[in-house]
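Asker: Would you be able to build a 3D model of this:
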Amino acid sequence: MLNPNLDQIQLTQDDVSRYSRHLILPEVGVEGQKRLKAASILCVGTGGLGSPLLVYLAAAGVGRLGIVDFDIVDSSNLQRQIIHGTSWVGKPKIESAKNRILEINPHCQVDLYETSFRSDNALDIAQPYDIVIDGTDNFPTRYLVNDACVMLGKPNVYGSIFRFEGQATVFNYEGGPNYRDLYPEPPPPGLVPSCAEGGVLGVLCGIIGTIQATEAIKIILGTGTTLSGRLLLYNALEMKFRELKLRPNPERPVIDKLIDYEEFCGIPQAKAAEEQERKNVQEISATELKQLLDRGAIGTEYVLLDVRNPNEVEIAKIPGSVLVPLPDLENGSGVEKVKELLNGHKLIAHCKMGGRSAKALAILKDAGIEGTNLTGGITAWSRDVDPSVPEY
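Answerer: As a prediction, the model looks like this:
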């Protein structure tokens with residue numbers, strides 16, 4: 001529970017009217033609403049999770065909100081990032097978020113940090129705030145948020161989402177566990193697909209983000225039982241919640257400094273390995289592929305292999321491509337199909353952005369099949385060759 005000095009906090013007539021449904025709750029009341037007005041929360045990220053939680057924290061009357069983000073609004077965000085609107089596409093997310101927050105609650109102080117959250121600025125950014133909420137989508141920043149909160153002694157309200165599943169908890173609160181108790185070591189780079197690769201149900205972000213906002217409000221009010229020590233798991237397809245117990249690991253290393261989290265998570269090593277793998281694979285640009293297509297070489301001299309998932313093909317397709325999904329190549333069943341398709345032809349492979357097709361070509365190379373990778377995948381095709389093919 002936070003212990004602000006409430007003597008100098010007053011509720012105005014507008015506050016009483018605005019928060020009347022809070023004030024009549026015995027668990028909130030006048031003192032609780034003053035606590036909310038005195039509180040400060042830093043949200044790292046204004047994406048799928050940051051959007052709903054910022055909206056509800058502003059509406060609840062949290063007096064000061066800090067936002068860290070350096071991205072711009074893209075039309076693909078609007079399916080889930082409800083704080084942003086169509087008119088803000090192409091503009092900074094933090095400006096869009098501030099505009100919406102002040103529309104909801106003009107009395108909220110909004111601090112903007114248009115930068116990445118890094119080891120050299122995390123402590124300075126987070127220090128003035130009572131609570132930090134993790135709305136990020138990558139492992140290096142999650143470890144950084146955690147470690148900064150541990151060093152500063154601040155609660156870390158955590159959430160994550162993928163496809164139809166999400167999880168939430170509270171780290172580093174009243175002697176409870178932190179993120180490193182859940183994940184002592186990061187997963188290998190590329191093992192967990194991003195939302196851009198795997199997709200996410202838009203409303204899932206609202207559910208998990210709203211749970212994060214609820215936990216932050218409970219910490220401010222000092223009421224109820226938080227998720228500290230409990231990992232809440234949610235499956236939207238089955239509409240089921242379940243819990244896992246979390247305990248501090250007495251043998252976990254002491255966190256007394258911020259490190260290079262990209263290095264810790266193996267990102268530079270993975271990029272170097274990927275770059276080396278790319279050097280070993282021939283590449284073709286989207287415009288070069290267009291030239292082959294125009295002269296009728298696709299299907300007569302070349303097989304254009306699409307290794308995406310079938311549902312992605314329904315969204316967008318390069319003419320003349322043949323689908324053999326990457327999972328089929330990984331389990332071996334698709335390798336024989338590719339051999340049959342080739343029948344003496346040369347191979348070009350593509351996916352959405354080039355990563356999965358590079359993996360596919362590595363698998364096929366082990367089977368004795370050489371091929372060429374489409375640089376940038378079908379996304380490059382949409383941007384450089386045929387804008388009528390939708391980007392997704």
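Asker: got the phi/psi numbers for Ser357?
Answerer: phi -70, psi -30 (degrees, to the nearest 10).
Asker: need the contact list for it.
Answerer: Leu305, Val307, Ala349, His350, Cys351, Asn373, Leu374, Gly377 (C-beta atoms under 8 Å, 6 or more residues apart in numbering). C-beta: built from backbone N, CA, C; applies to glycine.
Asker: per-residue confidence at the last one?
Answerer: pLDDT, the model's per-residue confidence, is 97 for Gly377.
Asker: Roughly how far does it sit from Arg308?
Answerer: Going from Gly377 to Arg308 by C-beta to C-beta, to the nearest Å gives 8 Å.
Asker: So for those two, which residues contact both of them?
Answerer: Joint contacts of Gly377 and Arg308 (C-beta under 8 Å, 6+ apart) are Cys351, Lys352.
Asker: quick check: domain ranges of the protein?
Answerer: 39-270, 280-384 (automatic domain parsing).
Asker: Tabulate the ones you listed (a markdown table), appending distance to Arg21.
Answerer: Output for these, formatted as a markdown table (distance: least, C-beta to C-beta, whole Å):
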| stretch | distance to Arg21 |
| --- | --- |
| domain 39-270 | 10 |
| domain 280-384 | 42 |
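Asker: and of those, who's closest to Gln8?
Answerer: domain 39-270 (11.9 Å; C-beta to C-beta).
Asker: and that closest one, how far out from the chain's middle?
Answerer: 9 Å (C-alpha atoms, centre = their mean, to the nearest Å).
Asker: Okay, now it: how far is its last residue from its first?
Answerer: 41 Å (C-alpha to C-alpha, to the nearest Å).
Asker: Strands of the stretch 51-200 of the chain, start to end?
Answerer: 64-68, 109-113, 131-134, 156-162, 165-171 (DSSP state E, counting those that start in this stretch).
Asker: let me fix that: the stretch 251-392 of the chain
Answerer: Shown for the stretch 251-392 of the chain, the strands assigned by DSSP E, counting those that start in this stretch span residues 282-284, 302-306, 321-323, 346-350, 372-374.
Asker: Turn these into JSON lines, including mean pLDDT, mean neighbour count and distance to Asp137.
Answerer: Formatted as JSON lines, those follow (pLDDT from 0 to 100; neighbours: other C-beta atoms under 10 Å; distance: least, C-beta to C-beta, whole Å):
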{"stretch": "strand 282-284", "mean pLDDT": "94", "mean neighbour count": "15", "distance to Asp137": "28"}
{"stretch": "strand 302-306", "mean pLDDT": "98", "mean neighbour count": "23", "distance to Asp137": "26"}
{"stretch": "strand 321-323", "mean pLDDT": "97", "mean neighbour count": "17", "distance to Asp137": "28"}
{"stretch": "strand 346-350", "mean pLDDT": "97", "mean neighbour count": "24", "distance to Asp137": "25"}
{"stretch": "strand 372-374", "mean pLDDT": "97", "mean neighbour count": "24", "distance to Asp137": "26"}
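Asker: any chance of those strands in a markdown table, with distance to Ile219 too?
Answerer: Output for these, formatted as a markdown table (distance: least, C-beta to C-beta, whole Å):
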| stretch | distance to Ile219 |
| --- | --- |
| strand 282-284 | 51 |
| strand 302-306 | 48 |
| strand 321-323 | 49 |
| strand 346-350 | 48 |
| strand 372-374 | 49 |
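Asker: Quick check, central residue of the chain?
Answerer: Asp137 (2.5 Å; C-alpha atoms, centre = their mean).
Asker: is it true that that one touches Ser194?
Answerer: Yes: when contacts are counted by C-beta atoms under 8 Å, Asp137 is listed as touching Ser194 (6.7 Å).
Asker: which helix of this structure spans the most residues?
Answerer: helix 202-221 (DSSP state H).
Asker: Downstream of that helix, the next helix or strand is which one?
Answerer: Later in the chain than helix 202-221, the nearest helix or strand by DSSP states H and E is strand 230-235.
Asker: Kindly spell out which helices and strands sit in contact with the helix or strand following that following strand.
Answerer: Per DSSP H and E, the first helix or strand lying C-terminal to strand 230-235 is strand 240-245. Applying 3 or more C-beta pairs under 8 Å, 6 or more residues apart in numbering; DSSP states H and E, one finds that strand 240-245 contacts strand 230-235.
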